[in-house]
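Asker: Got a sequence here, can you build the structure:
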Amino acid sequence: MVFCSLIRTFASCMNQGHKETISIRFISTAFMVLAIAIFKPFGLEVWQWQAYVHLLALFALGLLSCFLTEVILKYLIRMPRSYDRGVSYIISRNLRFQCINTPLVALLICLYRHFAMSELVEGNKLSLSNYLETLVIIAFLSFTIGLYWRFKFRSNYLSAELEETKLLNEQLKKLQDSNAGVPQQTEDDTSAGDTDQDSKITLEGNTNEHVTLEISDLLYIEAVGNYVKVCKLQGNEAHTNMLRATMKQMEDALEAYPMIVRCHRAFMVNLGQVEQISSNSRAMQLVMRYSHDAIPVSRSNVNKLKELLG
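Answerer: The predicted structure is shown next:
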């Protein structure tokens, strides 16, 4: 059963273009074996030419441990390898990979020492001290390898995020040039309001408060407890009004305007008033004009925003 899972995982990696995963595990295991070959723990120095056979066996055990760990992460912990969830997810997954793989590979090597390397070296017999010795050596090597890959992943993904953010800002500018300030009402809404480009809209709450504004002057709406904060332009300055209302009411009132989108459970923004999009390994934000407020984009809305800009 485990063997079948290993085969499926390997095929999945290849089918999804995850050759990089195979390469990373191969390089990491090779580094581990190279370090063992240099420092010759486990009494390897007494084996002469047979030591090379043992090193090849340790290399195979290292790869086996990596794929076993991949199976555990994917099917038990439910953390499949993904290149779409950002650098934080990749680093977090790699950390868990190390926490699982290190004791597992130490156990496999410890068993190999007992069954294949104890003939000439009595210290290779299976014991707690034997396992702890192996674990310390593998943990040190794993930590060293992990530092390298952590730096490499962060550098690669931050570069990719910068490129993606640059592209999103270019797409945003094109969208603003073609749609800025143009409300596109549906046929059902034409009887309820003016269809002029500079038409006004009145946002009403559950009490007598209301806010009337040019739709192009709306910056964003934020949910604050039982109220919503409407941030709008007055001249060249941002002003806010509070309404006792829900975000659902605001969505219903503004559904005819495609440039006003829900980007977070607590925020709606006017894309025509977004100054720039900023992104890092933790989150995406929309920086608004005039107010310069940074509006968060929730993970569940990131793809929707990318599709809209694309």
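Asker: Just give me the neighbour total for residue 102.
Answerer: By the measure other Cβ atoms under 10 Å, the count of residues near residue 102 is 20. Every residue, glycine included, has its C-beta placed from N, CA and C.
Asker: Quick check: nearest residue in space to it, chain neighbours excluded?
Answerer: Once flanking residues are discounted, residue 102 sits nearest to residue 142: 4.6 Å by Cβ to Cβ, 6 or more residues apart in numbering.
Asker: Which residues are in contact with residue 60?
Answerer: Not one residue lies near residue 60 by Cβ atoms under 8 Å, 6 or more residues apart in numbering.
Asker: Please tell me how far it sits from residue 23.
Answerer: Note on residue 60: its distance to residue 23, by Cβ to Cβ, to the nearest Å, is 17 Å.
Asker: what do you get for residue 123?
Answerer: According to Cβ to Cβ, residue 123 and residue 23 sit 35 Å apart.
Asker: and those two? which has more neighbours close in?
Answerer: Counted by other Cβ under 10 Å, residue 123 and residue 23 do not tie: residue 123 has more neighbours, with 13 against 10.
Asker: What are the neighbouring residues in contact with the closest residue to the more buried one other than its chain neighbours?
Answerer: Nearest residue to residue 123, sequence neighbours excluded (Cβ to Cβ, 6+ apart): residue 43, at 6.4 Å. Counting by Cβ under 8 Å, 6+ apart, residue 43 touches 117, 120, 121, 123, 124.
Asker: let's see 10 Å
Answerer: 51, 54, 113, 117, 118, 120, 121, 122, 123, 124 (Cβ atoms under 10 Å, 6 or more residues apart in numbering).
Asker: which SS state does residue 229 fall under?
Answerer: Three-state call for residue 229 (DSSP: H, G, I helix; E, B strand; the rest coil): strand.
Asker: Show the pLDDT at it.
Answerer: Predicted confidence (pLDDT) for residue 229: 96.
Asker: That one: how many residues sit nearby?
Answerer: Using other Cβ under 10 Å, residue 229 has 15 neighbouring residues.
Asker: so where does the residue nearest to it when sequence neighbours are not counted fall, helix or strand?
Answerer: Leaving aside its chain neighbours, residue 229 sits nearest to residue 222 (4.5 Å; criterion: Cβ to Cβ, 6+ apart). Following DSSP states H and E, one finds residue 222 within strand 218-224.
Asker: Now do the same for that strand: mean pLDDT, whole number.
Answerer: Mean per-residue pLDDT for strand 218-224: 95.
Asker: And for stretch 161-168?
Answerer: Mean pLDDT, stretch 161-168: 86.
Asker: now do stretch 22-30
Answerer: 90.
Asker: cool, stretch 53-70 as well?
Answerer: On average, stretch 53-70 scores 95.
Asker: Just the C-alpha atoms of that stretch, please, in PDB.
Answerer: Provided in PDB are the C-alpha atoms of stretch 53-70 (Å, rounded to 0.1, in the frame of the first residue of the first chain):
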ATOM      1  CA  VAL A  53      28.400   0.500  -1.300                       C
ATOM      2  CA  HIS A  54      27.200   1.600   2.100                       C
ATOM      3  CA  LEU A  55      27.100   5.200   0.900                       C
ATOM      4  CA  LEU A  56      25.000   4.300  -2.100                       C
ATOM      5  CA  ALA A  57      22.700   2.400   0.200                       C
ATOM      6  CA  LEU A  58      22.400   5.400   2.500                       C
ATOM      7  CA  PHE A  59      21.700   7.600  -0.500                       C
ATOM      8  CA  ALA A  60      18.800   5.200  -1.500                       C
ATOM      9  CA  LEU A  61      17.500   5.300   2.100                       C
ATOM     10  CA  GLY A  62      17.600   9.100   2.100                       C
ATOM     11  CA  LEU A  63      15.500   9.300  -1.100                       C
ATOM     12  CA  LEU A  64      13.100   6.700   0.200                       C
ATOM     13  CA  SER A  65      12.700   8.700   3.400                       C
ATOM     14  CA  CYS A  66      12.000  11.900   1.300                       C
ATOM     15  CA  PHE A  67       9.200  10.200  -0.700                       C
ATOM     16  CA  LEU A  68       7.700   8.700   2.500                       C
ATOM     17  CA  THR A  69       7.700  12.100   4.000                       C
ATOM     18  CA  GLU A  70       6.000  13.600   0.900                       C
END
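Asker: Give me the buried stretch members for it, please.
Answerer: Of all the residues in stretch 53-70, those buried under the rule 16 or more other Cβ atoms under 10 Å are 54-55, 58-59, 61-63, 65-70.
Asker: do the same with stretch 112-127
Answerer: Applying 16+ other Cβ under 10 Å to stretch 112-127 flags 112, 113, 117, 118, 124 as buried.
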